[in-house]
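[1] the following comprises the amino acid sequence and a computationally predicted model.
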Amino acid sequence: MDRFWKYIKRNWKAYFWAILALALVDGLQLLLPLVFGYFIDAITRGDLWTYYYGLIFLGLAVAITLLRYAYRWEMGKLALHFDFGLRREFFQEVLRLPMSYLQEKDIGDIMARATNDMQAIRQFLIFGLIGFTDVIVLGVSTVVLMLSLNWRLFLASVGPIAVVAVVALTFSRYIFPLFKIVQDVFGKLTEKAQEFISGVRVLRAFSREPKVLEIFQQVNREYYRTNLKLVKLEGVFEPSMALLIGISTVLSIWYGAGLIQRGALSLGMLVAFINYIGTLSWPMMALGFTTTTFQRSRASLKRVEEIIQAKKEESHLEPEDEVSSKFQSLEARNLSFSLEGRRILEKVSFNLRAGQVLGIMGPIGAGKTTLFRLLERLEEPEEGKIFLNGRDIRHIPLEVLRRFFALVPQDHYLFSTTLLENIRYSRPEATLEEVEEAVRIACLDEEINQFPEGLNTLVGERGVTLSGGQRQRVAIARALISQRPVILLDDALSAVDTVTEEKLTAKLKEHARSSGKSVVSISHRVSTLLWADFIVVIIEGTIAELGTPTVLLEKGGYFAHLYQSQVLEGAVNGTEIRT
Ligand SMILES: Nc1ncnc2c1ncn2[C@@H]1O[C@H](COP(=O)(O)OP(=O)(O)OP(=O)(O)O)[C@@H](O)[C@H]1O
Ligand SMILES: [Mg+2]
């Protein structure tokens, strides 16, 4: 909420003018019934002044139009300005959220905060504040005017209008929780729809349509029911307001007619009075409306602030260490790591020097990907565990640290744009020659030449669908383009056939040697790692074997066994694995 008031305070001058313009509009509007009343009285008297009233009306109408334009413009501008700043801040903070937070929270939920909640906040800033000003200025001055016209008439007719205020407030109290429920159910509905549509292939393959439809219908029905309640309430509200205003009008006609007959009131003033009843009904209703939008926007602002104030990735811890931009070494010393109380890695140590190739092997769930995440500080390692060029990575600013690594993740991501853009994503200024070179190393050149538009072919929904192996190699080309000194491959060749894999590893090796890059490669396939300078076998979070491929083969452990079985498989498939 602070953010709100801080913002309003910072822009108080603009708010002041906007609200002043609004108050002026309200004031001028209050004059209209009075002028109208004088006009009628002038006619009944047969006065010649009647013509001038037309001009006064016209003047008032023009002034109201201009002022109304002024406050709408000011209010709108301010609300959009606040919204603009908040949205920017929100997005910036989302980009800095730690990975663990993003995994915990539903992406759909974060999206809802960025859209629905932002909208609720903006609505309050425009309509809520207008309503609030109206309630105060219009409400109070109308009552004063009615009292001064004839206080007895006011007392006689105002009862039902007071009921309007009570009803409006009660109504908002009922409708607010209902509104929130409807929003929540709507969130659930979109979440389900999104889940089912993106999983449509799997659910069709297993003929799950009837079950999925049933689940969807459950939520759909819930949404229908809660919304129906809302419609019912809203449906009752407006007509009953009209009825109450009608009763007030009738009361004032009855009582007013008596006053006119006794000569205590003129016809024109009775007409003015009845007009004021209509005017008064608006701030009474706005009372309820304003409280509702206020409550809603407060709830929304809280949801938005939750993200903005969530704990963020810390760039680095003091003291900040100078680190030379040339890669020299990457070292893990007794690295242990736990997630949610579970030990994932236990006392892992290795030392990778520039130009070396490190292979990492191990069963599924051994902690290999976690190790990569720690190296890039996507997860926070403990102090004094991982060193880059001899400096603790916790003391290196994140943006500096990550500039050393070119990661090809296990679940690589391609954007719906051209192949060229996808590859250049890691370094947009890369030349076409550099891209072609990377494509050659990734063994993609022949396939790309067969695409209708070569590198300019669109991938994804609107273009060609790439095979798993092709996507992996695009991701590798992207990493090569980046010119970063340490290439991290997380099972990056798993979907590539063994023949292509062999070609690719040979080229990659040559590229690494000639450009002085280091490679850390996670793989389940022995053939991918035979070219490594040394291999680390991680089993259940600890290092089970460490050494050159030759040494490990002789040792007869996990690596050697895997080699045996994969060589056999290779022989059956007609391919051969060379050391
Ligand atoms: N965010 C997380 N919260 C809790 N546990 C996690 C989280 N991420 C991973 N783990 C656990 O950490 C362990 C190691 O996971 P990791 O992804 O590092 O395995 P891996 O060696 O890469 O496996 P694979 O070969 O299948 O990719 C697993 O048991 C996994 O369940
Ligand atoms: Mg993994």
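    Received the coordinates, thanks. Ligands and ions are numbered 1, 2, ... in the order given.

[2] is it fair to say Val365 lies in a strand?
    Small correction: residue 365 is Gly, not Val. No: assessed with DSSP: H, G, I helix; E, B strand; the rest coil, Gly365 is coil; it does not lie in a strand.

[3] confidence score at it?
    Looking at Gly365, its pLDDT is 89.

[4] phi, psi of it?
    Phi and psi for Gly365, reported as degrees, to the nearest 10, are phi 70, psi 10.

[5] give the helix, strand or coil label for the residue in the stretch 101-250 of the chain that ligand 2 sits nearest to.
    Residue nearest to ligand 2 within the stretch 101-250 of the chain: Gln103 (14.4 Å; CB to the ion). Any C-beta I mention is one placed from the backbone N, CA and C, and that applies to glycine too. Classification of Gln103 by three-state DSSP places it in helix.

[6] burial measure for it, as a count.
    Number of residues near Gln103 (other CB atoms under 10 Å) recorded here: 9.

[7] if I look at it, how far off is ligand 1?
    Note on Gln103: its distance to ligand 1, by CB to the nearest ligand atom, to the nearest Å, is 6 Å.

[8] residue contacts, that residue?
    Contact analysis of Gln103 by CB atoms under 8 Å, 6 or more residues apart in numbering lists nothing.

[9] and it, how far is that from Thr465?
    Separation of Gln103 from Thr465 (CB to CB, to the nearest Å) stands at 27 Å.

[10] return the residues of this protein in contact with ligand 1.
    When proximity is defined by CB under 6 Å from any ligand atom, the chain lies next to ligand 1 at 103, 339-340, 344, 362, 364-370, 410.

[11] apply 8 Å and report the result again.
    Counting by CB under 8 Å from any ligand atom, the chain comes close to ligand 1 at 99-100, 103, 339-340, 342, 344, 362-373, 410, 490-491, 522, 524, 538, 541.

[12] now a ChimeraX select for only the buried ones of these.
    Buried residues among these (16 or more other CB atoms under 10 Å), as a ChimeraX selection:
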select :344,362,366,367,368,369,370,371,372,373,490,491,522,524,538,541
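
[13] next step: the residues of the chain next to ligand 1 restricted to helices.
    Met99, Ser100, Gln103, Lys368, Thr369, Thr370, Leu371, Phe372, Arg373 (DSSP state H).

[14] quick check: the fourth one touching Val520?
    What that stands for is Lys368. No: the pair Lys368 / Val520 is not scored as a contact, 10.0 Å apart, by CB atoms under 8 Å.

[15] what is in contact with the two at once?
    Between them, Lys368 and Val520 share these contacting residues under CB under 8 Å, 6+ apart: Ile360.

[16] burial measure for Ala112, as a count.
    For Ala112, the count of nearby residues is 20 (other CB under 10 Å).

[17] what strand or helix carries it?
    Per DSSP states H and E, Ala112 falls inside helix 107-112.

[18] how about Glu313?
    Per DSSP H and E, there is no helix or strand for Glu313.

[19] tell me the contacts of the closest residue to it other than its chain neighbours?
    The shortest distance from Glu313 to any residue other than its chain neighbours is 5.1 Å, reached at Pro98 (CB to CB, 6 or more residues apart in numbering). Contacts for Pro98 (CB under 8 Å, 6+ apart) come out as Lys311, Lys312, Glu313, Glu380.

[20] for Pro98, what are phi and psi?
    According to degrees, to the nearest 10, Pro98 has phi -70, psi 150.
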